[in-house]
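In: no FASTA, just this:
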């Protein structure tokens, strides 16, 4: 039990050890190896000066300097390189006296900034190579010169290994950044799609509700006016109110059905429902002349739905702001576009002025323009010179993204 408790405490301590702790352990290890190796001869070793106290000081300094390798890589390389030049200049033996230098070169390349640190490492290795070769000018036996070339080659390899690690780290960081950027882009795209869907639903709700309420408002006024005198006409107005509200509810369910997965949703209204729309407007008191040319080619559902909403909103605006008048609705499908024209003759002299909604500014025309822009079309809504108002629209039959 005591051993397990000690093991748990040690494990917990190592898990939250300070960042410098591994470097201190490595420095102690390098120092011990360098000092210990100074007393162990190796084969083919050149004649050397026995390691003195100063030589051990150089080995200890170059070993302990490794503790600061990640905080000050350039300074650590400078200390270990200088200690190595002095050490071999005094004729002390190779053995493992250069271990700290190799660790410093690896760290300089691995934790540096790339080009600058590689230039420092290259210049340092060149200076070390010259110094080592000068110190080994009278080396005996001559074959022991291989130790000098080993130091030079090992220094280059240490630098290359460090640069390889740094490159991999940079590549991994770039990949992580690209993945995070892609994730952010997907999130932003998803939010944009949600916003676009909300805007589309808001337009559909506005068009459906505004039209239904305008019809119901007119018919309820008729009902209140003729309820006692002409009950049959009042009954017909109530029937129109019932049908209009039922139709509006069905369209609302179709519009809002996209918010509920798995629901049975009705298709959005299109050109086939404009006849019904015109009939409801006639019941509301409009004198409508409706003309529709048969389409040359089948119309896309998006174009048909947008055309229905434009006609619906135009008729709604006439009911709300003008009252009983003559309206002309014309649909002209062409080879490349559907042209829509809804024009009214303005308020008749005997018609009462509607003050409940004519003074308010809605978003009907803005919504119609947005529908046209989404399909790459155009919409114009202007007063007519002789009185009244005219809405004209052009809806391309080819989607925007597929046109060259």
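Out: Sure, I can see it. Everything numeric in this text was worked out from a predicted model, so none of it was measured.

In: now the strands for the stretch 151-300 of the chain?
Out: Using DSSP state E, counting those that start in this stretch, the strands of the stretch 151-300 of the chain run over 287-292.

In: before we move on, what about the stretch 301-404 of the chain?
Out: Under the criterion DSSP E, counting those that start in this stretch, strands of the stretch 301-404 of the chain are mapped to 326-333, 337-344, 378-383, 389-396.

In: how about these, which one is nearest residue 56?
Out: When these are compared by C-beta to C-beta, strand 389-396 sits nearest residue 56, at 87.9 Å. Every C-beta, even on glycine, is put in place using the N, C-alpha and C of the backbone.

In: before we move on, the earlier item: format the strands of the stretch 301-404 of the chain as TSV; extra columns: mean neighbour count and mean pLDDT.
Out: Listed next are the strands of the stretch 301-404 of the chain as TSV, based on neighbours: other C-beta atoms under 10 Å; pLDDT from 0 to 100:
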stretch	mean neighbour count	mean pLDDT
strand 326-333	19	90
strand 337-344	21	91
strand 378-383	14	90
strand 389-396	20	91
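
In: And those: which comes nearest residue 33?
Out: Comparing the strands of the stretch 301-404 of the chain by C-beta to C-beta, strand 389-396 comes nearest, at 78.9 Å.

In: For residue 43, find the nearest of the strands of the stretch 301-404 of the chain.
Out: strand 389-396 (87.6 Å).

In: what's that closest one in contact with?
Out: For strand 389-396, contacts defined as C-beta atoms under 8 Å, 6 or more residues apart in numbering pick out 303, 306-307, 310, 314, 317-318, 322, 336-344, 346, 365, 368, 372, 375-384, 403.

In: how does it look with 6 Å?
Out: Contact with strand 389-396 is made by 303, 306, 310, 314, 337-344, 372, 375-381, 383-384, as judged by C-beta atoms under 6 Å, 6 or more residues apart in numbering.

In: Stretch 327-335 now?
Out: With C-beta under 6 Å, 6+ apart, stretch 327-335 has contacts from 286, 288-293, 295-296, 318, 339-344.

In: Pipe the strands of the stretch 301-404 of the chain into CSV and attach distance to residue 177 per row.
Out: Below are those laid out as CSV (distance: least, C-beta to C-beta, whole Å):
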stretch, distance to residue 177
strand 326-333, 51
strand 337-344, 46
strand 378-383, 43
strand 389-396, 41
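
In: just so I know, which of these lies nearest residue 139?
Out: Across these, closest to residue 139 is strand 389-396 (C-beta to C-beta), at 87.5 Å.

In: partners of that closest one, with directions?
Out: strand 337-344 (antiparallel), strand 378-383 (antiparallel) (DSSP bridges).

In: What about residue 51? Give its phi and psi, please.
Out: phi -70, psi 120 (degrees, to the nearest 10).

In: from memory it sits against residue 38, does it?
Out: Yes - in this structure residue 51 lies within contact range of residue 38 using C-beta atoms under 6 Å: 4.5 Å.

In: got the contact list for residue 49?
Out: Contact analysis of residue 49 by C-beta under 6 Å, 6+ apart lists 91-92.

In: any idea how far it lies from residue 326?
Out: 118 Å (C-beta to C-beta, to the nearest Å).

In: repeat for residue 91
Out: Relative to residue 326, and taking C-beta to C-beta, residue 91 is found at 116 Å.

In: same question, residue 114
Out: When residue 114 is compared with residue 326 (using C-beta to C-beta), they lie 79 Å apart.

In: quick one: contacts for the residue minimising distance to the centre of the chain?
Out: Residue closest to the average C-alpha location in the chain (C-alpha atoms, centre = their mean): residue 185, at 1.2 Å. Not one residue lies near residue 185 by C-beta under 6 Å, 6+ apart.

In: from now on call the first residue 11
Out: I'll keep to 11 as the first residue from here, and by that count the last item is residue 195.

In: Wait, residue 109 touches residue 42, no?
Out: No - between residue 109 and residue 42 there is no contact under C-beta under 6 Å: 10.2 Å.

In: Compare those two (neighbour count), which wins?
Out: Remark: of residue 109 and residue 42, residue 109 carries more neighbours, 21 against 13, as counted by other C-beta atoms under 10 Å.

In: so what's the more buried one up against?
Out: 40, 43-44.

In: How about it, nearest residue that isn't a chain neighbour?
Out: residue 40 (5.2 Å; C-beta to C-beta, 6 or more residues apart in numbering).
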